[in-house]
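J.: the sequence and its predicted three-dimensional model are supplied below.
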Amino acid sequence: MKYWLAVISLEHAKIAAASGFLQVCHGKAAPLRKTSSGDQFFIYSPKTGMGRGESIMAFTYRGTFDDDSVYQVEQVPGFSPYRKNATFDYSFQPAPIRSIPGMELTANPNWGLIMRRGFIEISASDATRITEFRGVTP
């Protein structure tokens, strides 16, 4: 099993959770194709809105990929992003990134630049820290 971190505004993360899918990097397929059924992911929301809104800098959702299928949908005319079905853990409560001690990711002084990739693999240790910080057993 692998652990992933998707950088998504809170507004878009709420849509994904309510609809049961994950869409990353403005709808690119390649990042999602790296994942497998059963892999876990966390959504990190830097702001409430995409490129705007209040700064929150928190892990806002946790979930698991349902299968290996990556599919394309027409969201609006001219924009057909790729998605992957996911089950979201609604017991997960937001966890501010700066409040979680000992993370490998934030130990890197350039962690903000790393997050700009939009979708990255994180260590099992970091996944455990994020989960335990909010009192949810992995």
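T.: Alright, I've got the coordinates. Numbering: from 1, shown residues only.

J.: list the contacts of R52.
T.: Under the criterion of CB atoms under 8 Å, 6 or more residues apart in numbering, R52 has no contact partners. (Each C-beta comes from the backbone N, C-alpha and C, glycine too.)

J.: gap between the nearest residue to P81 once chain neighbours are set aside and P101?
T.: Nearest residue to P81, sequence neighbours excluded (CB to CB, 6 or more residues apart in numbering): G27, at 2.4 Å. The gap separating G27 from P101 is 35 Å, by CB to CB, to the nearest Å.

J.: neighbour-wise, which of these two wins?
T.: Neighbour count, other CB atoms under 10 Å: between G27 and P101, G27 has more, with 15 against 8.

J.: that one: what's it in contact with?
T.: 75, 79-83.

J.: now do K47
T.: The neighbours of K47, taking CB under 8 Å, 6+ apart as the test, are 9-10, 53-56.

J.: did I read that right, it in a helix?
T.: No - counting by DSSP: H, G, I helix; E, B strand; the rest coil, K47 is not found in a helix; it is strand.

J.: for it, which non-adjacent residue is closest in space?
T.: In space, K47 is closest to G53, 4.5 Å off (CB to CB, 6+ apart).

J.: I'd say the one you found and S9 touch.
T.: Yes - assessed by CB atoms under 8 Å, G53 is found in contact with S9 at 6.9 Å.

J.: just the buried members of the contacts of G27?
T.: Buried residues within those, defined by neighbour count using 16 or more other CB atoms under 10 Å: 81-83.

J.: any chance of a markdown table for these, columns pLDDT and distance to P46?
T.: As requested, the buried ones among the contacts of G27 are exported to a markdown table (pLDDT from 0 to 100; distance: CB to CB, whole Å):
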| residue | pLDDT | distance to P46 |
| --- | --- | --- |
| P81 | 96 | 20 |
| Y82 | 97 | 22 |
| R83 | 97 | 21 |
